[in-house]
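[1] task: produce atomic coordinates for the following.
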Amino acid sequence: MATIFQKCRIKDDSCGRSRCGHPWTVRYREPGGRSGSQREKTFPTKREARDYGIKAENDKREGRYLDPNAGKILVRDYSREWLSRRAIKETTRRNYRNFFENHLIPRLGSKMLCNVMSSDIEKMCHAMCEAGLSRRTVYQSNMVPLRSLFRSAVAEKRISESPVALASLPRVKTKRVDEKSLPNGEAVAELASAMRRDWAVSVWLMAGCGLRIGEVLALRNTDLADGAMRLRRQFVRVKRDGVWKAELSPLKAREEGEWRDVPIPSFVERALRLHLRNHGVGEDGYLLHAHHGGHVLDSNYRTEFRRAVIKAGFADESWTAHTLRHFFASSAIAGGLSLLEVSRWLGHATIQITADIYGHLTPDAGARMRSVMDGALAAANVSCADS
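    I've put the predicted structure just below:
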């Protein structure tokens, strides 16, 4: 049990006064019985010392005890150490590091982890917005590593609560796609015609199967079979020795070795056969390749896609390659396919993401609901006559 005393009363030169005004000390042991380290903390009043001792003993019994020194580590040091032991993709690691080095550490890096308050998080986010970052980047993208960082600190019993969880931050909803701003089937065909011939098949793969750019660039002939494709990897752009290169990475929201299957519409199958007949494959069997046969950087592909948009006469449109993925999803949902199926084919981490972006495109089920309920209520012989 915790012991409460005044040090002035156990010394040889005790002050001898009943109310001397000297501080009160609470002495207790950390979890582990006699092997636990002994701790002391002083308070100006006996009541404060007693309350702290009771709390320390209760925390030990309930497994909530925190080492008072565990949180005395600089945010700068903890964030770097935390990132070094995370099992995450290289691109994710780079994004986290950029956020830590450019925003978190300059603003909070010199504070002790245990001293970070919810108000500090709120002020940092406000400052990032003032510096020109979009609210979506600040309150959505940057919150992912920040929440994870402080959740780990809580799990490691360095702090009792996450200041991010306690902060009053606006929730940024996923932006719903505007179906009226998307190309129609005829415009998609014109874009494919305007693309360089050996990359034109990519337009059909994104518009007809919902693939991301990196997934298209990493698609090989051996990934196609029986009217479907099995996506295993994607190409991501990374900087090595000052040079940007395309490197293989697990699919987004997937771990290494995981895959997803996507059906191939017959029209896309014909485009694939035509592509293989006329252009073959590049190094390692990739469908899309540079003139020398090597891998294609996503930045080079985006540039070529923008040229095709202009060449096809859609210069005023803000269409990007990702717009074709929106075309696929919106067409599939408007055609009556379920959100669950579309979410699985798109490779979203959760169906909630699909619902947030495309849920408003679900066909109106009002007529079906009325028919079902009319049948149910008719069996109950409900009378609507005026009383």
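
[2] from now on I want contacts and neighbour counts done on CA atoms only, so please keep to that.
    Fine.

[3] assumed residue 237 was part of a helix.
    No - counting by DSSP: H, G, I helix; E, B strand; the rest coil, residue 237 is not found in a helix; it is strand.

[4] which ones are touching it?
    Taking CA atoms under 8 Å, 6 or more residues apart in numbering, we find residue 237 in contact with 244-247, 297-298.

[5] narrow those to those that are buried.
    Among the contacts of residue 237, those scoring as buried are 245-247, 297-298 (criterion: 16 or more other CA atoms under 10 Å).

[6] among the residues you listed, name the ones in helices.
    Cross-referencing the buried ones among the contacts of residue 237 against helices under DSSP state H gives residue 298.

[7] of the buried ones among the contacts of residue 237, closest to residue 264?
    The nearest member of the buried ones among the contacts of residue 237 to residue 264, counting by CA to CA, is residue 298 at 22.7 Å.

[8] surely that closest one touches residue 213?
    Yes - using CA atoms under 8 Å, residue 298 makes contact with residue 213 at a distance of 6.7 Å.

[9] widest-spaced pair of the buried ones among the contacts of residue 237?
    Based on CA to CA, the longest span within these runs between 247 and 298 and measures 10.7 Å.

[10] overlap of the contact sets of those two?
    With contacts taken as CA under 8 Å, 6+ apart, residue 247 and residue 298 have 235-237 as neighbours in common.

[11] Serialize those to JSON lines and add fields for distance to residue 348.
    What follows is those, written out as JSON lines (distance: CA to CA, whole Å):
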{"residue": "235", "distance to residue 348": "17"}
{"residue": "236", "distance to residue 348": "17"}
{"residue": "237", "distance to residue 348": "21"}
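
[12] now, which of those residues sits nearest residue 260?
    residue 235 (15.6 Å).

[13] so what's the residue count around the closest one?
    By the criterion of other CA atoms under 10 Å, residue 235 has 24 neighbours.

[14] and stretch 270-287, how far out from the chain's middle?
    Relative to the centre of its chain, stretch 270-287 is centred 34 Å away, using CA atoms, centre = their mean, to the nearest Å.

[15] for that stretch, buried residues please.
    271-272, 275, 280-282, 285-287.

[16] of the residues you listed, closest to residue 120?
    Of all those, residue 120 sits closest to residue 286, with 48.4 Å by CA to CA.

[17] quick check: closest non-adjacent residue to that closest one.
    Among residues not flanking residue 286 along the chain, residue 220 sits closest, at 4.3 Å (CA to CA, 6 or more residues apart in numbering).

[18] what does residue 359 give?
    Leaving aside its sequence neighbours, residue 359 sits nearest to residue 339 (CA to CA, 6+ apart; 7.4 Å).

[19] alright, I will stop here.
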